[in-house]
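**Student:** Next one to model:
(chains A and B)
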Amino acid sequence: MTLVFSFFLLTLLVITAVAVVRTRNLFVAVMLLGIFSLLIAANFLLLDAADVALTEAAVGAGISTVLFLGALALTSERERTATPHRWLSLAVVVSATLVVLYATFDKPSFGDPEAPVHQHVAPWYLEKTPEAIDVPNVVTAVLASFRGYDTLGEVFVVFTAGIGVLFLLSAQHGHAAQRRPDAKDESDIGLRDDLIPRVVGRLLVPFIVLFGLYVQFHGDYGPGGGFQAGALIAAAFILFALVEGEERTLEALPFNTLLALMVSGALLYGLVGLAGVFLGGNFLDYSVLAEDPVAGQHLGILLIEAGVGLTVTGVLLVIFHAFAARDRF
Amino acid sequence: MMQTVLDILSWILLTAGGAFVLVGGIGALRMPNLYTRMHAASVTDTMGAVLVLAGVMLQAGLSLATIKLAAILLFLLITSPTASYALASAAMIAGIKPDAGRAADLEDDA
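**Tutor:** Numbers count the residues shown, from 1 in each chain, chains lettered A, B, ... in the order given. Sure, this is the predicted structure:
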């Protein structure tokens, strides 16, 4: 049954991908990309990768759609026609496809228990998690503790992406009042005519933040963690910005606070790693953080997940504001 | 016995929900213009979602999953009409006339 669903979803995925490539209207392409993300999230869920599915749904279908729309607002809605090197790109794509198809013959078949991925370190993680870290969600144990270095790298990639966008869009913050002097009037901010989305949006924001915090701190026990929670909380503020206007959002959560969030999350992660060194362990070894090694692991995971959540929230909102502020110049 | 009744009831609800979603999908494809298409798709949002979620709730029984499903149902009942409203009002602002029977919004693309 799962196989049937998988085939169905993968077929839809291919159809959506082709439609994204074929359409000349970029607005349609953005919407199709959102559908693509939702389909692939459902696919991840079928493969029992609930954590990845949650991230993909929140970031791919939610926030990147908004960011794409923000980018579209700065450019035109139509794709420019006539790419000059059509045959060349076709040849590259065809040969790459053939190579990838050839490579799939070497892959173990779907769900094969003898596959290298199930033989190498995965059994060790599954065996060691209950005694060394003792959290029910092994994904969190692997992500935050066993492979804490990788996650540190990911957090700094997100952080660097935020800095990169800020440089590229050269967002000049702190001039919200000067940017739109006509926006002082209460009725001119956000969705001034649309009462229903405004009321419902305002109603939903606290619940989305609450759910984000639940995902953040429940990540040890169920699907979730800092990445997902950061995306959800950022989505709540983006929703607020969409219904109430960007200025109001910047009043609630100023740009400098966002920058501080972004930096402090990455710093917190790094400092937890250094604390392990100073307390006599290795870098990112949480066992030495408390008397009991398992309690130390819990504390370390809690702290670095908080760091991840802070950075992701900060970076996503900074990118959003950088796009939103752009058309005012 | 009880379980069988619940199972049958839940399958009836799930099938009915699926049928509503199907009808909504056909309507969204076949209706002549944007507003009538949205009207058809709203069947999916309300009846389809409510029936499917009720069916799944019967399968889950009295558990945490049912409470989560109820929360999802409440969320959908609030957000999907709002989304439909926002879409319709955006279409109005964009200047698409609610003119039933004519493919008003298709003529722009052609």
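
**Student:** What parts of the stretch 201-329 of chain A come near chain B?
**Tutor:** A:201, A:203-204 (Cβ under 8 Å from any Cβ of the partner chain). Glycine gets a C-beta too; all of them are placed from N, C-alpha and C.

**Student:** ok, and the most crowded of these?
**Tutor:** A:G201 (23 neighbours; other Cβ atoms under 10 Å in any protein chain shown).

**Student:** in chain B, which segments are predicted with low confidence?
**Tutor:** B:100-110 (pLDDT under 70).

**Student:** Most proximal residue of the stretch 1-150 of chain A with respect to chain B?
**Tutor:** Chain B sits closest to A:N25 of the stretch 1-150 of chain A, with a gap of 9.2 Å, by Cβ to the nearest Cβ.

**Student:** what is that residue paired to in the beta sheet?
**Tutor:** For A:N25, the beta-bridge partners under DSSP bridges are A:R78.

**Student:** any idea how far B:G48 is from it?
**Tutor:** From A:N25 across to B:G48, the span is 28 Å (Cβ to Cβ, to the nearest Å).

**Student:** so for the helix ranked longest in chain A, what's the average pLDDT?
**Tutor:** In chain A, assigned by DSSP state H, the helix with the most residues is helix A:293-326. The average pLDDT within helix A:293-326 is 89.

**Student:** just to revisit the earlier point, is it possible to get TSV of the residues of the stretch 201-329 of chain A next to chain B that adds pLDDT and secondary structure?
**Tutor:** Shown next, in TSV, are those (pLDDT from 0 to 100; DSSP: H, G, I helix; E, B strand; the rest coil):
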residue	pLDDT	secondary structure
A:G201	89	helix
A:L203	91	helix
A:L204	92	helix
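
**Student:** then stretch A:286-300 to CSV, C-alphas only?
**Tutor:** Extracted as CSV, the C-alpha positions of stretch A:286-300 are listed here (Å, rounded to 0.1, in the frame of the first residue of the first chain):
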residue,chain,number,x,y,z
TYR,A,286,27.8,17.3,26.2
SER,A,287,28.5,14.5,28.7
VAL,A,288,30.7,16.7,30.8
LEU,A,289,28.1,19.5,31.1
ALA,A,290,26.5,17.9,34.2
GLU,A,291,27.4,15.5,36.9
ASP,A,292,25.5,12.7,35.2
PRO,A,293,26.6,12.2,31.6
VAL,A,294,23.0,11.5,30.4
ALA,A,295,21.7,14.7,32.1
GLY,A,296,24.6,16.5,30.4
GLN,A,297,23.6,15.2,27.0
HIS,A,298,20.0,16.4,27.7
LEU,A,299,21.2,19.8,28.7
GLY,A,300,23.5,20.1,25.7
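
**Student:** which SSE is residue 97 in?
**Tutor:** All of this is about chain A. For A:T97, the element it lies in under DSSP states H and E is helix A:86-104.

**Student:** You answered for a different chain; I wanted chain B.
**Tutor:** According to DSSP H and E, B:K97 maps onto no helix or strand at all.

**Student:** Would you mark the buried spots in the helix or strand that B:L14 is a member of?
**Tutor:** In this assignment (DSSP H and E), B:L14 forms part of helix B:2-30. Neighbour counts using 16 or more other Cβ atoms under 10 Å in any protein chain shown place B:10, B:13-14, B:16-17, B:20-21, B:24, B:27-28 of helix B:2-30 among the buried residues.

**Student:** So which of the residues you listed reach chain A?
**Tutor:** Of those, not one also sits near chain A (Cβ under 8 Å from any Cβ).

**Student:** Which members of the residues you listed are the farthest-apart pair?
**Tutor:** Spatial extent of the buried residues of helix B:2-30 (Cβ to Cβ) is set by the pair B:S10 and B:A28 at 26.6 Å.

**Student:** any idea which element A:E251 lies in?
**Tutor:** Counting by DSSP H and E, the element that carries A:E251 is helix A:246-252.

**Student:** I'd like to know which elements that helix is packed against.
**Tutor:** helix A:176-179, helix A:226-244, helix A:293-326 (3 or more Cβ pairs under 8 Å, 6 or more residues apart in numbering or on different chains; DSSP states H and E).

**Student:** Try it again at 6 Å.
**Tutor:** helix A:226-244 (3 or more Cβ pairs under 6 Å, 6 or more residues apart in numbering or on different chains; DSSP states H and E).

**Student:** hang on, the earlier thing: what's the closest of the residues of the stretch 201-329 of chain A next to chain B to A:I133?
**Tutor:** A:L204 (35.0 Å).

**Student:** Convert the C-alpha atoms of stretch A:140-159 to PDB, please.
**Tutor:** In PDB, the C-alpha atoms belonging to stretch A:140-159 read as follows (Å, rounded to 0.1, in the frame of the first residue of the first chain):
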ATOM      1  CA  THR A 140      17.500  14.300  17.500                       C
ATOM      2  CA  ALA A 141      20.200  12.200  19.200                       C
ATOM      3  CA  VAL A 142      22.000  11.700  15.900                       C
ATOM      4  CA  LEU A 143      21.500  15.300  14.800                       C
ATOM      5  CA  ALA A 144      22.300  17.100  18.000                       C
ATOM      6  CA  SER A 145      24.800  14.900  19.700                       C
ATOM      7  CA  PHE A 146      26.400  12.100  17.600                       C
ATOM      8  CA  ARG A 147      26.800  14.400  14.600                       C
ATOM      9  CA  GLY A 148      26.800  17.700  16.400                       C
ATOM     10  CA  TYR A 149      29.600  18.900  14.100                       C
ATOM     11  CA  ASP A 150      27.500  18.500  11.100                       C
ATOM     12  CA  THR A 151      24.600  20.400  12.700                       C
ATOM     13  CA  LEU A 152      27.100  23.100  13.800                       C
ATOM     14  CA  GLY A 153      28.100  23.400  10.100                       C
ATOM     15  CA  GLU A 154      24.500  23.600   9.000                       C
ATOM     16  CA  VAL A 155      23.700  26.400  11.500                       C
ATOM     17  CA  PHE A 156      26.700  28.300  10.200                       C
ATOM     18  CA  VAL A 157      25.600  27.700   6.600                       C
ATOM     19  CA  VAL A 158      22.200  29.200   7.500                       C
ATOM     20  CA  PHE A 159      23.900  32.000   9.300                       C
END
